[in-house]
Structures are given as C-alpha cells and as structure tokens.
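Engineer: just coords:
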C-alpha cells in the first residue's frame, strides 16, 4: 500500500538549508492504523504533506499502491490524491450555511457525480460515522465531535484507500476524541489505511503502530496494539 524509503525533504530558506525530514523509512499495508508523533518542528507536517501527495521528497522514494509518486506530473498527482486519499483536519473546515449532508456531498459535486449518486453515497458515509439522524443540521447545530464526524464522512465519500488525519481530536474534549478514534477503528477494520498525526500520547497508543519523529528523523517505531494476524486456516479444519 505505502512504501517510504529513505525519504528526505530539504527547504531553502534564503541562504540556509532546512532539513525537515532525514532518511525516513517505513511501509504500511491496507487496514494499518499508524500514529505519527513528535514535538513541533519534528517533521510531522512535512511527512503528512508528502504522504498526501501535496509535496514531493527531495531524496528517497515514496511508492503509493505500486506507483512511484515522484514520477507523476502535477495532473496525475492531483488525480491520485483526489481519488485515493481522504483528509481530516483539526479545524473541521465545514461550510457553515450548509447541512451535514450538503457538506459531505461537496467533494462529489466537484467530481461531477450525478445528484442521486451523491446523495446515496453521502448518506452512507454519514451512517458510517453514526450521524444518520443529523443530516439536515448545519454545523452550528452540531457539537464539536459531531462536526468532526461530518468531516470524516466527507473524507470517506470518494472511497479513498488512505485517510490522513492531522490532529483530528485537537479541538475536541476527551470523550469526543475517543468517539473519533472509535470511528477510525471501524474504518481500518473495513480495510482503510489510516495515518494520524497527534500530540496526544494516549490516543496514539490506540493505533496499531506509533512512529516518533525528532529533528526530521524517526527515533522510534513501536506497536502498542499490533494489527491482529488473519487466521491461518490450516488448523482446526
């Protein structure tokens, strides 16, 4: 699904060179749940931008579903990003005068899907995050946790293989944050690969795997809750 091989990212800041990432290497399979942690300036946002096809590495290789991302032109990169990746942010980025249903439909409007298909898929996505009873409510009529679930539903409607969540619980209380993580677990159980940046160590430890960055380098790679292996099918038959 994802292969990151010795990835580095250097920015030129006037006469200075800033190494935001240095030799980052890891791989993920479909249905993996990865948390990326580290202090401010550690390279988390830079790595997320590369994984989301919003930026390119200076060195190394990023391979997404068998495609070497750096080999794509800008149009092909945008097509890959829009079709295979969903984004969830700390700020919900919902349009205030639109209902939950309309907010979730928006990516499909830009994609040119017929109205009936848009509504059906938006309703399915809202049901997947437990908001089937709130589809006519505008953001001001929803709690923070409900607004974030609308944002997750919006990320789901184009049926991405990967969801990138940048501090998705940062504006939520602990209970609402746990509700969002529960939604994430249901998504990964369905085969979605989920990558979450978070400063919350307790939330991070609920992922299958946690990578810590410092000064652009991976300093640890742990598995607090390893993904269960599928049954072998050999014994017990």
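Structural biologist: Received it, and whenever you're ready, just let me know what you need. This is a predicted model, so every value here is computed, not measured.

Engineer: Show residues contacting stretch 1-12.
Structural biologist: 17-30, 32, 43, 46-47, 50-51, 55, 57-65, 161-162, 193, 216 (Cβ atoms under 8 Å, 6 or more residues apart in numbering). Backbone N, C-alpha and C define where each C-beta goes, glycine included.

Engineer: Give the buried residues for that stretch.
Structural biologist: Going by neighbour count (16 or more other Cβ atoms under 10 Å), the buried part of stretch 1-12 is 1, 2, 3, 4, 5, 7, 8, 9.

Engineer: what does stretch 138-150 give?
Structural biologist: In terms of neighbour count (16+ other Cβ under 10 Å), stretch 138-150 has its buried residues at 139, 142, 145, 146, 147, 148, 149, 150.

Engineer: What of stretch 20-33?
Structural biologist: 20, 21, 22, 24, 26, 28, 31, 32, 33.

Engineer: wait, isn't residue 150 in contact with residue 92?
Structural biologist: Yes: counting by Cβ atoms under 8 Å, residue 150 touches residue 92, with 7.1 Å between them.

Engineer: low pLDDT regions in the chain?
Structural biologist: The model of the chain has pLDDT under 70 over residues 228-237.

Engineer: Residue 152: neighbour count?
Structural biologist: By other Cβ atoms under 10 Å, the residues close to residue 152 number 24.

Engineer: which residues sit in contact with it?
Structural biologist: Contact analysis of residue 152 by Cβ under 8 Å, 6+ apart lists 88, 129, 163, 168, 180, 183, 184, 187.

Engineer: that older thread, which one among the buried residues of stretch 1-12 gets closest to residue 134?
Structural biologist: When the buried residues of stretch 1-12 are ranked by distance to residue 134 (Cβ to Cβ), residue 1 comes first, at 32.2 Å.
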